[in-house]
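> A predicted structure for the sequence below; I have some questions about it.
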Amino acid sequence: MKERISGILAALITPFDENGNIKLELAPDLVKLYQDQGAAGLYMTGFTGEGAFMDVGQRKAWAEAVLKAAEDKLPVFVHVGYCANPDDAVELAAHASRHGAFAVSSVGISSESDLDENVAYFKRISEASNLPFYIYWNSFAGNLNGGRRIEPEDLLDAMQAVPTFRGLKYTDSNLYFVDRMRRHQPDINILTGVDAMCLSGSLMGSDGAIGALQAITTGHMRVMWEKFHAGDITGAKELQTRNNNIYQSIDSPKRQMIPAIKAVLEGYYGIPAGYPCAASPFSRMTDDAEIKKLLAEFEANILK
């Protein structure tokens, strides 16, 4: 059986300074934070890492810094999607392989692309890296079949054409899909990405979870995960509810998720995570009263 990553993985932020430069020097501090909290791995340059707003040069530089810092410490999944030109994703995949990534991952080309087009694209990424490949399934980005319904079995059968296909980062609340994939292909590696439904995903067959919230709650969610799998359902459910309180706090109408996560990394963990990417629609949190309130809500719920 092929290796299946399990447990809680942190979706990694990309820290920028006020001039739009990546704070490459923070890679070791971030890796240490997640290693100390018992992360099963890291997933970088996805939604949380603002990969959609970074150019190829920025993504390569940050990948090199993280992969060097994480060497022999944590497996790193490098997301190479969101590129306007598919050739850039292929280039990023080859680059990730050269610098020691554990796996590469990507969203589909676009919500208009059909299954054959997406499988051909995934195959190019797989062959360029020769690393385990994971689909980044995102409910907001289409269903990999031109907006048309696709059956779980049909997707997995089509992906047999991708030589290193290993699994999915499944960011969707339709957990029926998880159950059907596990039934059809028992050894597939499924890592759910809806933070507020982590335990539900495990119940339906996921091996672990990757998500934005894990950027600030990895240790909390690891204990939650361990309680659930040890049979302490009540204890795990209580931690999931506290986890969801934090999720509601960082994703409230007054706050943007990425800036809120960076504010917690700085205010609670002491890591100066900086600004959002200059090309993103996000704005750094600057209201001291709002930051204080955010940190108080976080501290009231995070497992110490």
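Structure's in. What do you need?

> can you map out the helices along the stretch 151-300 of the chain?
152-158, 175-184, 198-203, 214-229, 233-250, 257-267, 288-301 (DSSP state H, counting those that start in this stretch).

> Which among these is found nearest to N19?
Nearest of those to N19, taken as Cβ to Cβ: helix 257-267 at 16.1 Å. The C-beta positions use only the backbone N, C-alpha and C, and glycine is treated the same way.

> by how many degrees do the closest one and helix 214-229 diverge?
Relative orientation of helix 257-267 and helix 214-229, computed by axes from the mean of the first three to the mean of the last three Cα atoms, to 10 degrees: 90 degrees.

> list the buried ones in helix 257-267?
Residues of helix 257-267 classed as buried by neighbour count (16 or more other Cβ atoms under 10 Å): M257, I258, P259, A260, I261, K262, A263, V264, L265, E266, G267.

> mind giving me JSON lines with those and columns for pLDDT?
Shown next, in JSON lines, are the buried residues of helix 257-267 (pLDDT from 0 to 100):
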{"residue": "M257", "pLDDT": "96"}
{"residue": "I258", "pLDDT": "97"}
{"residue": "P259", "pLDDT": "98"}
{"residue": "A260", "pLDDT": "98"}
{"residue": "I261", "pLDDT": "98"}
{"residue": "K262", "pLDDT": "98"}
{"residue": "A263", "pLDDT": "98"}
{"residue": "V264", "pLDDT": "98"}
{"residue": "L265", "pLDDT": "98"}
{"residue": "E266", "pLDDT": "98"}
{"residue": "G267", "pLDDT": "98"}
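
> who wins for proximity to K73 among the helices of the stretch 151-300 of the chain?
So among the helices of the stretch 151-300 of the chain, helix 214-229 is nearest, using Cβ to Cβ, at 13.8 Å.

> Packing partners of the closest one?
strand 7-11, helix 27-36, helix 198-203, strand 208-211, helix 233-250, helix 257-267 (3 or more Cβ pairs under 8 Å, 6 or more residues apart in numbering; DSSP states H and E).

> Please tell me how far K169 sits from I135.
In this view, K169 and I135 are 7 Å apart by Cβ to Cβ, to the nearest Å.

> Tell me which of the two has more neighbours.
K169 (28 against 23; other Cβ atoms under 10 Å).

> For R59, find the nearest of the helices of the stretch 151-300 of the chain.
Taking Cβ to Cβ as the criterion, helix 257-267 is the member of those that comes nearest to R59, at 16.2 Å.

> can you list contacts of that closest one?
Identification of contacts with helix 257-267 by Cβ atoms under 8 Å, 6 or more residues apart in numbering yields 13, 15, 48, 50, 212-213, 215-216, 249-251, 271-276, 280, 282-285, 291, 294-295, 298.

> Name only those of the residues you listed that count as buried.
Neighbour-count burial (16+ other Cβ under 10 Å) is assigned, among those, to 13, 15, 48, 50, 212-213, 215-216, 249-251, 271, 273-276, 280, 282, 285, 291, 294-295, 298.

> Switch the helices and strands packed on helix 214-229 over to CSV, and while doing so, append distance to G147 to every line.
Formatted as CSV, those follow (distance: least, Cβ to Cβ, whole Å):
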stretch, distance to G147
strand 7-11, 26
helix 27-36, 36
helix 198-203, 24
strand 208-211, 25
helix 233-250, 28
helix 257-267, 26
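
> what about these, which gets the closest to Q58?
helix 27-36 (13.5 Å).

> Just the CA atoms of the closest one, as CSV, please.
Coordinates of each C-alpha in helix 27-36 appear next as CSV, following Å, rounded to 0.1, in the frame of the first residue of the first chain:
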residue,chain,number,x,y,z
ALA,A,27,10.5,30.1,7.3
PRO,A,28,12.4,28.4,10.1
ASP,A,29,10.2,30.1,12.8
LEU,A,30,7.0,28.9,11.1
VAL,A,31,8.3,25.4,10.5
LYS,A,32,9.4,25.2,14.2
LEU,A,33,6.0,26.4,15.3
TYR,A,34,4.2,23.6,13.5
GLN,A,35,6.8,21.0,14.3
ASP,A,36,6.4,21.8,18.0
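
> What angle do helix 257-267 and it make with each other?
Using the same axes, to 10 degrees: helix 27-36 against helix 257-267 is 90 degrees.

> Can you list the helices and strands that helix 27-36 packs against?
By 3+ Cβ pairs under 8 Å, 6+ apart, helix 27-36 packs against helix 56-70, helix 214-229.

> Pull the number of nearby residues for Q185.
Close neighbours of Q185, defined as other Cβ under 10 Å, add up to 18.

> Which residue, other than its chain neighbours, is closest to it?
Nearest non-adjacent residue to Q185, counting by Cβ to Cβ, 6 or more residues apart in numbering: L156, 5.0 Å away.
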